[in-house]
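> what would the 3D arrangement of this be:
(one chain, ligands or ions: 1)
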Amino acid sequence: MAKVPSIDLDGCTDCDGCIEICPEVFQRNETMGYVEVIELEEYPEEEVLDAINICPGDCIGWEYV
Ligand code: SF4
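Below you'll find the predicted structure:
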């Protein structure tokens, strides 16, 4: 099973904090405008945790896929 970050867009305030703190994982979808997780083989746990901790919407978590 892979551990993949996920964003609950209902709680997202579009603050861009996750993109600033962890641009290798989070980006803004240029067509749709929302924040999304970049598809990677593996995710840097510490950096994603930093993003989870600063997210004002408390809307970043892990999914096991
Ligand atoms: S840090 Fe949280 S609230 Fe801010 S853009 Fe990222 S997911 Fe949205």
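> residues making contact with the helix or strand encompassing residue 52?
Residue 52 belongs to helix 45-54 when assigned by DSSP states H and E. Counting by Cβ atoms under 8 Å, 6 or more residues apart in numbering, helix 45-54 makes contact with 3, 5, 17, 18, 21, 22, 24, 25, 26, 60, 61, 62, all of which sit outside it. Every residue, glycine included, has its C-beta placed from N, CA and C.
> now it - C-alpha only, PDB.
Included here for helix 45-54 are C-alpha records, laid out as PDB according to Å, rounded to 0.1, in the frame of the first residue of the first chain:
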ATOM      1  CA  GLU A  45       6.900  12.500   4.800                       C
ATOM      2  CA  GLU A  46       8.400  15.300   6.800                       C
ATOM      3  CA  GLU A  47       7.600  18.000   4.200                       C
ATOM      4  CA  VAL A  48       4.000  16.800   3.800                       C
ATOM      5  CA  LEU A  49       3.700  16.800   7.600                       C
ATOM      6  CA  ASP A  50       4.900  20.400   7.600                       C
ATOM      7  CA  ALA A  51       2.100  21.200   5.200                       C
ATOM      8  CA  ILE A  52      -0.500  19.300   7.300                       C
ATOM      9  CA  ASN A  53       0.600  21.300  10.300                       C
ATOM     10  CA  ILE A  54       0.400  24.800   8.700                       C
END
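> buried residues in it, which are they?
Within helix 45-54, the residues that qualify as buried are 47, 48, 51, 52, counting by 16 or more other Cβ atoms under 10 Å.
> and after it, which helix or strand comes next?
The element immediately downstream of helix 45-54 (helix or strand, assigned by DSSP H and E) is strand 60-64.
> can you name every helix or strand that that next one contacts?
Contact here means 3 or more Cβ pairs under 8 Å, 6 or more residues apart in numbering; DSSP states H and E; on that basis strand 60-64 packs against strand 3-7, helix 45-54.
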